[in-house]
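In: missing the sequence, but the structure's below:
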C-alpha cells in the first residue's frame, strides 16, 4: 500500500511539473515573442572616443612635464530594457549585462586597447522578467577601429584629408615604406589635379572669350572710341587755352 502511495505521489508531481511547463510556454505566445523580437531589434551599440586622465602618481615626459591624458573608447549599449539580458564577447572580453547595469539610460564599458581593431559580438536573450525561455533572440556586431600610428606624423597633420592619415582606421598595419609609397602617389595625383584645374580654368576662360567675341570686340571698340574722344577733347582744350 505504501509503495502504491509513493507511485501516485510521483505521478502527481510529474503532472504538476508538466502543467507548469505548459503554462509558461502558453504565456510566451506568438504576440509576446513578436513583441520581444521587435524590442530586441532596437538594441544597439556605439563607440565614442574619450580622453582619460592619468593618476597623479603617473610620471611621463621623463618627469619633466605633465601628461596630456590617454585615449580610449567608451562602448555603450542603448535601449536595453528589463526584458533582456545581453552577452558581449570579443577576443579578450566576455561579460553579460542586464537592466540592473543601466545608468542614465545606457550600459557602458571601456576599451583601453585602441592600438588594434576589435569586433564585439552581442547576443540578446529574454530576461527572467519575461515568461519566455532563455533562448537567443538576436545577434549583432560592433567593430571598433584602431589608432593610426601615422596620424601624428607631420605629413599627415598637413594632409588630414588623406584616407591613410585618419586618426582611427580599419586597415591592417603597414610598413612605413608602403605608407610613404602610397602617400607619394597621393601627392603626385594632388599636384596633377591642381595642374589640370589651372588648365581647365584658362581653357574655360578662352572658350568663354571665343563664345562672346562679338561682345569683347564691341567693348574694345567702345573703349578705343571713348579713349580717342577723351584725348581729342583734352588736346583741343589745351589749344584753346594757348
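Out: Cool, the structure landed. Just so it is clear, the model here is predicted, and its values are computed rather than measured. Numbers count the residues shown, from 1 in each chain.
In: The residue lying closest to residue 98 once chain neighbours are set aside: neighbouring residues, count only.
Out: The shortest distance from residue 98 to any non-neighbouring residue, by Cβ to Cβ, 6 or more residues apart in numbering, is to residue 85 (4.6 Å). (Each C-beta comes from the backbone N, C-alpha and C, glycine too.) Using other Cβ atoms under 10 Å, residue 85 is surrounded by 20 other residues.
In: Please apply the same query to residue 140.
Out: With neighbours defined by other Cβ under 10 Å, the count for residue 140 comes to 15.
In: Repeat that for residue 49.
Out: Neighbours of residue 49 under the rule other Cβ under 10 Å: 13.
In: which is the next helix or strand following the helix or strand in which it is found?
Out: Using DSSP states H and E, residue 49 falls within strand 44-52. Heading C-terminal from strand 44-52, the first helix or strand you meet, by DSSP H and E, is strand 70-78.
In: Name all residues that make contact with residue 87.
Out: Residue 87 makes contacts with 94, 95, 96, 97, 122, 123, 125, as judged by Cβ atoms under 8 Å, 6 or more residues apart in numbering.
In: Tell me the secondary structure at it.
Out: strand (DSSP: H, G, I helix; E, B strand; the rest coil).
In: now do residue 177
Out: Under the three-state scheme (three-state DSSP), residue 177 adopts helix.
In: Mind picking the two most distant members of the contacts of residue 87?
Out: Greatest spatial distance in the contacts of residue 87: 94 and 125, 14.6 Å, computed using Cβ to Cβ.
In: picking up where we left off before, between strand 70-78 and the strand holding residue 49, find me the angle.
Out: Our comparison of strand 44-52 with strand 70-78, counting by axes from the mean of the first three to the mean of the last three Cα atoms, to 10 degrees, yields an angle of 150 degrees.
In: what helices or strands is strand 44-52 leaning on?
Out: Counting contacts by 3 or more Cβ pairs under 8 Å, 6 or more residues apart in numbering; DSSP states H and E, strand 44-52 packs against strand 70-78, strand 138-144.
In: could you redo the last one with a cut-off of 10 Å?
Out: strand 70-78, strand 106-111, strand 118-126, strand 138-144 (3 or more Cβ pairs under 10 Å, 6 or more residues apart in numbering; DSSP states H and E).
In: for these, which one sits closest to residue 191?
Out: Nearest to residue 191, of all these, is strand 70-78, at 33.5 Å by Cβ to Cβ.
In: partners of the closest one, with directions?
Out: Here strand 70-78 is paired, per DSSP bridges, with strand 44-52 (antiparallel), strand 106-111 (antiparallel).
In: Of those strands, which stretch is the most buried?
Out: strand 106-111 (a mean of 16; mean count of other Cβ atoms under 10 Å).
In: neighbouring contacts of that one?
Out: 43, 45-48, 50, 52, 72-80, 86, 88, 90, 92-93, 95, 97-102, 118, 120, 144 (Cβ atoms under 10 Å, 6 or more residues apart in numbering).
In: Once you drop chain neighbours, what's closest to residue 117?
Out: Spatial nearest neighbour of residue 117, chain neighbours left out: residue 146 (4.6 Å); criterion: Cβ to Cβ, 6+ apart.
In: cool, residue 53 as well?
Out: Counting by Cβ to Cβ, 6+ apart, residue 69 is the residue found nearest to residue 53 once chain neighbours are left out, at 5.4 Å.
In: How many residues are close by the one you found?
Out: 11.
In: cool, residue 186 as well?
Out: 17.
In: what helix or strand is it on?
Out: Under the criterion of DSSP H and E, residue 186 resides in helix 176-211.
In: where in this protein is pLDDT low?
Out: The model of the chain has pLDDT under 70 over residues 1-26, 55-67, 199-222, 224-242.
In: I'm done for today, thanks for sticking with me.
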